[in-house]
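Enquirer: fold the following for me, if possible:
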Amino acid sequence: MKRYDTAHIRNVGLFGHGSSGKTTLTEAMLFDTKAIDRFGKVTAGSTTSDFDPDEIRKGISLFTTVLPVEYRDMKLNILDSPGFLDFVSQVKSAMRVVESGLFLVSAVGGVEVGLERVWKFSCETNIARAFFINMMDKENADFDKCIDEINKDLKVDGELIPLQLPIGRGDSFIGVVDLLKKSAYAFEDGKPIEIDIPEDMEDIVEEYVEKIAEAAAGDDEKLMEKFFEGELTPEDITRSLLGEITEGRVIPVLCGSSDKNIGITNLMDFIIDFLPDPGHFKEIKGLKPETEEEILIHPDPSEPVSALVFKTTTDPYVGKLSVLRVYSGTLKPDIELLNPGKETNEKISSLMIFRGKDHEVIDQASPGDIVTLAKLSVTGTSDTLCDKSRPVEIPRIDFPDPLMSMSVYPKSKSDEDKLGNALSKILEEDPTIKVNRDKMTKETVIYGIGELHLNIVMERLKRKFGLEADLKTPKIPYKETLKSKTQIEHKYKKQSGGRGQYGHVYLELEPLPRDQEFEFVDKIVGGVIPKNFIPSVEKGVKRAMEEGFLAGFPVTSVRVKLFDGSYHTVDSSDIAFQIAASMAFKKGAHKATPILLEPIMDVEVVVPESFMGDCIGDLNSKRGRILGMDPLGDGMQSIKAKVPLSEMLRYSIDLRSLTQGKGEFAMKFSFYEEVPSQIAEPIIAEANKSDE
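Expert: Residues are numbered from 1 along each chain as shown. The predicted model follows:
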């Protein structure tokens, strides 16, 4: 591949609901530009983009793939992103490094939840946006209905302007009318053939041409004057539209069929003519690592190099691969760059561009280009690489927090040692996966976006690392405590020939406020227990608290007073007093109205207003306490509640089902609270049963 400067690069992300045709669209682009000589099919697992074994097996995109396309002496970096909600981190990464987003809408399905979600993300960026209504060749395809749904459901903040109209639909769909050129095209093997505009479309074409001219004139007085006088030229319209689209005031709509390869070359022409190059955004803001002083980064090839890693993956032959977007400077091989966030230098051995699983080595990358580096030692997703002469950190990608958790249990003992290392490799590839070793439950807990997300992780563990593991519902970190005060005495005495063991204690147990864990009070007077054995008593009590007394859960919020006892000058020892204290505590705890405590979470659920009643009812059924509701605008409501953690383990699945995938939630630990007796009894019985 030849060198391309910044002005000859376009970075475009493909976004939309799953199965809206994004991967097939990239395949058509590659085929039409002769980058590939065979048009692959998703159903056959033969596309260039979905080459990962998990993607082929599932028949869906799981990862963002960068596909460089050369067309009209330009390089189009097309980023094919997943459409399923579980892989939202891949969407966030792609959206961060492109100047433009092409949002695919199924002409049959219209606006679906995946599209709504990614559109909402795009509203937080400054990328130029356009719609491509795909699948116009399918039965029940409806271009006008899609336009109405986009306006109604997505609440588009710019003016939605079709630049193309479909000629026919379903089986009769043969091509498109280019409204800017006032030309019609049919397609054979992806190649456009100019035809006459159908007579029954002439009036609607003129109507839309008028709308385009008016939108192009915008608020510009000179252009408006030319528009009203009928003197607005095609060059005026093209030049003005470029600015209006880039600034988001106009959202263009195009159409076609990626499966039948109709309208794809026209789409690539649109990308080149109307979407911004990486140099359009004159600067981005970075931070100086030590002082957080603002540094402006410009897409200038003569500036010091700065780049952001937005994807990390592993190739079975090449090893760790880091995909990055160059923001300034000219990136070349055989140099050393600084990772300021990790205060480490990285050797850049070679630059590569990947097209699916195939790669090509290149000699340099201009600002705005996307390239891949191999075998970086510490650099991960969202890290900055920069010239050592100008340390700068580009703001990190904002990934969503994982909210679904499962415990991981390796199937064999030998795999337990390999699990940590394998999961660390998975974490490098996916920043929305979190792993935690729960000290209370002694489980390895993995957190992800959803059930499919976590299942894919398990499948990758097996395929890439030969490690088989099961996912199970995590144990709840219950605690135990007391509700009343009691006193207890216990004497530990053992004689088995030679020196014996003797420890004798009187303890008073009483509950503490829930925000306090433990207090040990020494009330011994007169030396009835020597001072050197007092720590032994405390140690024995703590050991008993760790083991619990109801169901084996740790004890909290208890004050223990040691107020009397006795000792033997020969047989008393540290271990004897530990055992005496431990046994006394367990015996006394059963007399002090023991109870089970459960973690309560602060939960915020954001849902469309139409689903609010169902969500409140569901939270109530989960023993939740509703604290309030707040309108957020755009028909969305925030519901705040306190809910037991045990009821929230599969809430991501429940909420998705309740709201057709349109709801979101966040939660964090709040406090521990007593478990109702009718719920506590089976928990205690099951815990004691498993200990037998």
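Enquirer: which residue packs closest to Gly448, ignoring adjacent ones?
Expert: Closest residue to Gly448 apart from its sequence neighbours, by CB to CB, 6 or more residues apart in numbering: Leu454 at 4.3 Å. Every residue, glycine included, has its C-beta placed from N, CA and C.
Enquirer: now for the helix or strand that contains the one you found, which elements pack on it?
Expert: Leu454 belongs to helix 451-465 when assigned by DSSP states H and E. For helix 451-465, the packing partners by 3 or more CB pairs under 8 Å, 6 or more residues apart in numbering; DSSP states H and E come out as helix 53-58, strand 404-410, helix 413-429, strand 443-448, strand 469-472.
Enquirer: list the contacts of the first one.
Expert: Helix 53-58 is contacted by residues Gly45, Asp50, Ser61, Leu62, Phe63, Ile456, Glu459, Arg460, Arg463 when judged by CB atoms under 8 Å, 6 or more residues apart in numbering.
Enquirer: ok, then the element right after it?
Expert: strand 65-71.
Enquirer: what does the shortest one give?
Expert: Using DSSP H and E, the next helix or strand after strand 469-472 towards the C-terminus is strand 479-482.
Enquirer: figure out how far that following strand is from the centre of its chain.
Expert: Distance of strand 479-482 from the chain centroid (CA atoms, centre = their mean, to the nearest Å) equals 36 Å.
Enquirer: and for stretch 344-359?
Expert: Mean C-alpha position of stretch 344-359 versus that of the full chain (CA atoms, centre = their mean) differs by 24 Å.
Enquirer: model confidence over that stretch, on average?
Expert: Mean pLDDT, stretch 344-359: 93.
Enquirer: now stretch 108-115
Expert: Mean per-residue pLDDT for stretch 108-115: 94.
Enquirer: ok, and what's touching that stretch?
Expert: 15-18, 20, 83-85, 103-106, 135, 138-142, 145-146, 149-150, 153-154, 660-662.
Enquirer: in PyMOL, how would I select the buried members of those residues?
Expert: Remark: buried members of these, expressed as a PyMOL selection using 16 or more other CB atoms under 10 Å:
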select buried, resi 15+16+17+18+20+83+84+85+103+104+105+106+135+138+141+142+146+149+150+154+661+662
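Enquirer: just the ones in strands from the contacts of stretch 108-115, please.
Expert: Among the contacts of stretch 108-115, the residues falling in strands (DSSP state E) are Phe15, Gly16, Phe103, Leu104, Val105, Ser106.
Enquirer: pLDDT score for the residue nearest to Gly448?
Expert: 95.
Enquirer: next one: Ala217
Expert: Reported pLDDT for Ala217: 84.
Enquirer: I figured it hits Leu223, correct?
Expert: Yes - counting by CB atoms under 8 Å, Leu223 is a contact partner of Ala217 at 4.1 Å.
Enquirer: and the residue nearest to Phe671 when sequence neighbours are not counted, which of the three is it?
Expert: Once flanking residues are discounted, Phe671 sits nearest to Ile600: 5.5 Å by CB to CB, 6+ apart. Following DSSP: H, G, I helix; E, B strand; the rest coil, Ile600 is assigned to strand.
Enquirer: mind checking how far Ile600 is from Ser258?
Expert: Going from Ile600 to Ser258 by CB to CB, to the nearest Å gives 49 Å.
Enquirer: between the two, point out the one with more neighbours.
Expert: Shown here are Ile600 and Ser258; by other CB atoms under 10 Å, Ser258 has more neighbours (25 against 19).
Enquirer: phi first, then psi, for the more buried one.
Expert: Dihedral angles of Ser258 (phi, psi; degrees, to the nearest 10) stand at phi -70, psi -30.
Enquirer: how about Lys493?
Expert: phi -140, psi 120.
Enquirer: excluding chain neighbours, what is closest to it?
Expert: With CB to CB, 6+ apart as the criterion, Lys493 has its nearest non-adjacent residue at 5.4 Å, and that residue is Tyr502.
Enquirer: try Arg463
Expert: Leaving aside its chain neighbours, Arg463 sits nearest to Pro53 (6.3 Å; criterion: CB to CB, 6+ apart).
Enquirer: kindly report the same for Thr379.
Expert: Leaving aside its chain neighbours, Thr379 sits nearest to Asn339 (5.1 Å; criterion: CB to CB, 6+ apart).
Enquirer: that neighbour: neighbouring residues, count only.
Expert: By other CB under 10 Å, the residues close to Asn339 number 21.
Enquirer: so what's it bridging to?
Expert: Assessed by DSSP bridges, Asn339 has beta-bridge partners Thr344.
Enquirer: which residues of the stretch 201-350 of the chain fall in helices?
Expert: Here the stretch 201-350 of the chain has its helices, by DSSP state H, counting those that start in this stretch, at 202-217, 221-228, 234-246, 264-274.
Enquirer: relative to Arg129, which of those is closest?
Expert: helix 234-246 (8.2 Å; CB to CB).
Enquirer: quick one: the closest one to helix 202-217, angle?
Expert: Helix 234-246 and helix 202-217 meet at an angle of 70 degrees, taking axes from the mean of the first three to the mean of the last three CA atoms, to 10 degrees as the criterion.
Enquirer: which other helices and strands does helix 234-246 contact?
Expert: Packed next to helix 234-246, using 3+ CB pairs under 8 Å, 6+ apart, are strand 128-134, helix 202-217, helix 221-228, strand 250-255, helix 264-274.
Enquirer: buried residues, it. List them.
Expert: Asp236, Ile237, Ser240, Leu241, Leu242, Glu244, Ile245, Thr246.
Enquirer: SS state for Arg656?
Expert: Here Arg656 is helix, with the state taken from three-state DSSP.
Enquirer: my bad, should have said Thr48
Expert: Recorded secondary structure, Thr48: coil (three-state DSSP).
Enquirer: excluding chain neighbours, what is closest to it?
Expert: Spatial nearest neighbour of Thr48, excluding adjacent residues (CB to CB, 6+ apart): Gly356 at 3.9 Å.
Enquirer: still on that earlier bit, pull the number of nearby residues for the residue nearest to Arg463.
Expert: Residues lying near Pro53 (other CB under 10 Å) number 12.
Enquirer: and the residue nearest to Thr379, what does it touch?
Expert: By CB under 8 Å, 6+ apart, the residues touching Asn339 are Asn345, Glu346, Val378, Thr379, Asp383, Thr384, Leu385.
Enquirer: please apply the same query to His490.
Expert: Applying CB under 8 Å, 6+ apart, the residues contacting His490 are His504, Val505, Leu507, Ala580, Ala581, Met583, Ala584, Lys587.
Enquirer: pLDDT score for it?
Expert: 96.
Enquirer: check Gly565 too.
Expert: Per-residue pLDDT puts Gly565 at 96.
Enquirer: so what's the backbone phi/psi at it?
Expert: Phi and psi for Gly565, reported as degrees, to the nearest 10, are phi 160, psi -170.
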